[in-house]
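> I'll drop the sequence and a predicted model, then ask my questions.
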Amino acid sequence: MKLIFKLLAGFILASLLFTSIGSQSGCAPVAPSTVRIGYLLGDLHHLPFFVAQDRGFFLDEGLGVEVVGPFDAGPAEMDALAANQIDMGYVGVAPAVLAAARKVPLSIVSGVNLEGSGLVTGMDINSVAELKSKKIATPAPGSIQYVMLGMLLANNNLGYNDIELFPGTVKPPDMAQSLQTGRINGYFVWEPFVARSVVGGYGKVLVDSKDIWPGHPCCVIVTGGDFGRLHGNTVASVIRAHRRAIDFIDAYPAEAKAIAAKWTRLDPAVIDNAFGRVKYTYSLSRDDIKRFVNEIISLGEKGAIKPIITVDDVPDSDTFVDTVVDTKYLQR
């Protein structure tokens, strides 16, 4: 009997010691039962989130997901992150970078997609040169579409002063109709709003975004504040479910398109047309994100676009990207 008591006491002592060591070594706290995740309205780029929800991949990881949104635009979602209204979010790389440059505490923890945007014009425009004096809409200044249009114009010896720009005044869901009614002559936006005009028969893709910058980053997953530090296991679980969703999209595109139609209520023809322009991936390229930061600063300095962030905001892009991009959850 004494031997049993000694063994039991030793076991309790070892358990307490292990707990003490674990707490002192910075082990992540127990994951919250629910994680609040935001996403954008009608955004086909966020299909991995829809698939993970629909197929129960988050539940398989033991996660309850509180869906927050959809948000109309990335800046609004980043405001929600800054206000601690969401824990994680599927969002464009541009709003994430701009928020971080303005000292919003966040980390980019996974990729979502590459490419998937385009310059859509009326049927009467056949070259970039013909954009001169035309009315062109983009999402808000600082969006990757706004920046890439600036890159395209600069590559063709044009600038924003050569066109009549509508930056952020025509919302992406309204761009196709605005083109159809003649309010604008073209627009640069993400999918599925590119495909809407093409399927409708009143617009065409004059330039695919991949032709300006092959493999350019687009959407990412972010965490806010100290969430990753306090709940690292939860972040890793979300990314595991996200990776499964991307594998599912690759393996079962027809089923993935059906889930997209369910979540976005888009015409299946629009989804089908858009699908080939979006590359889903969880990988993150520090170099591409750094290039995006440098492009914003450089184009602003040249006067090709309105200055969005400057070297005062980001004195060193390498240090900035190393601070903002966190790939450790992808490696787990």
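Done, it's in.
> where does the protein dip in pLDDT?
Flagging of the chain using pLDDT under 70 yields the residue ranges 1-32.
> Pull the contacting residues for the one residue sitting closest to the centre of the chain.
The chain has C219 as the residue nearest its centroid, 2.2 Å off, counting by CA atoms, centre = their mean. For C219, the contacting residues are 43, 45-46, 90-93, 111-113, by CB atoms under 8 Å, 6 or more residues apart in numbering. The C-beta positions use only the backbone N, C-alpha and C, and glycine is treated the same way.
> Quickly find the element holding it.
If you go by DSSP states H and E, C219 is part of strand 217-224.
> circling back to that earlier point, farthest pair in the contacts of C219?
Pairwise distances across the contacts of C219 peak at 14.9 Å for D43 and G111 (criterion: CB to CB).
> thinking again about what came up before, just give the nearest non-adjacent residue to the residue nearest to the centre of the chain, would you?
Nearest residue to C219 in three dimensions, chain neighbours excluded: V112, at 3.8 Å (CB to CB, 6 or more residues apart in numbering).
> same thing with A140?
Among residues not flanking A140 along the chain, G168 sits closest, at 3.6 Å (CB to CB, 6+ apart).
> I'd say that neighbour and P139 touch.
Yes - when contacts are counted by CB atoms under 8 Å, G168 is listed as touching P139 (6.2 Å).
> Of those two, which one has the most company?
P139 (28 against 17; other CB atoms under 10 Å).
> Could you pull up the contacting residues of that one?
73, 145-146, 167-168, 172, 189-190.
> following the lengthiest strand in the chain, which helix or strand shows up next?
For the chain, the longest strand by residue count, based on DSSP state E, is strand 106-115. Toward the C-terminal end, the helix or strand that comes next after strand 106-115 (DSSP H and E) is strand 117-121.
> Buried residues of that following strand, list them for me.
Neighbour counts over strand 117-121 (16 or more other CB atoms under 10 Å) mark 117-121 as buried.
> Mind giving me the packing neighbours of that strand?
Contact partners of strand 117-121 among helices and strands, from 3 or more CB pairs under 8 Å, 6 or more residues apart in numbering; DSSP states H and E: helix 144-155, helix 172-181, strand 186-190, helix 193-200, strand 204-208, helix 209-212.
> what's the offset of that strand from the middle of its chain?
19 Å (CA atoms, centre = their mean, to the nearest Å).
> On the strand side of things, show who the residue nearest to the centre of the chain bridges to.
G92, N113 (DSSP bridges).
> follow-up on the earlier one: Throw the helices and strands packed on strand 117-121 into a markdown table and include mean neighbour count, thanks.
A markdown table is the format used below for the helices and strands packed on strand 117-121 (neighbours: other CB atoms under 10 Å):
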| stretch | mean neighbour count |
| --- | --- |
| helix 144-155 | 23 |
| helix 172-181 | 19 |
| strand 186-190 | 28 |
| helix 193-200 | 24 |
| strand 204-208 | 18 |
| helix 209-212 | 19 |
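> So which of these is nearest E301?
Using CB to CB, the nearest of the helices and strands packed on strand 117-121 to E301 is helix 144-155, at 11.9 Å.
> Report the two of the contacts of P139 separated the most.
Largest pairwise distance in the contacts of P139, by CB to CB, is 14.8 Å, between P167 and W190.
> Tell me the spacing between the closest residue to V35 other than its chain neighbours and F227.
Excluding its sequence neighbours, the residue lying closest to V35 (CB to CB, 6+ apart) is D87, at 5.1 Å. Applying CB to CB, to the nearest Å, the value for D87 to F227 is 5 Å.
> go on, V189?
30 Å.
> and if you look at A261?
From A261 to F227 the distance is 32 Å (CB to CB).
> now H45
22 Å.
> Do me a favour and get the backbone dihedrals for I308.
Per-residue torsions, I308: phi -110, psi -60 (degrees, to the nearest 10).
> Any idea how many residues pack against it?
Around I308 there are 20 residues (other CB under 10 Å).
> what's the answer for G215, then?
Using other CB under 10 Å, G215 has 12 other residues around it.
> Now for the residue lying closest to K171 once chain neighbours are set aside, how many residues are close by?
Of all residues not flanking K171 in the chain, D72 sits nearest, at 6.8 Å (CB to CB, 6+ apart). Residues lying near D72 (other CB under 10 Å) number 14.
> G168 is in contact with D72, correct?
No - at 11.0 Å, D72 does not count as touching G168 under the criterion of CB under 8 Å.
> For K279, which non-adjacent residue is closest in space?
According to CB to CB, 6+ apart, the nearest residue to K279 is L114 (4.3 Å).
> ok, that neighbour - contacts?
L114 is in contact with 215-218, 279, 281, counting by CB under 8 Å, 6+ apart.
> ok, now with 6 Å
215, 218, 279, 281 (CB atoms under 6 Å, 6 or more residues apart in numbering).
> Distance check, it against V278.
Taken as CB to CB, the span from L114 to V278 is 8 Å.
> Could you break the chain into its assigned domains?
Domain assignment of the chain by automatic domain parsing yields the ranges 34-115+216-284+310-331, 117-212.
> so can I have JSON lines of these showing distance to K302?
Formatted as JSON lines, those follow (distance: least, CB to CB, whole Å):
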{"stretch": "domain 34-115+216-284+310-331", "distance to K302": "12"}
{"stretch": "domain 117-212", "distance to K302": "7"}
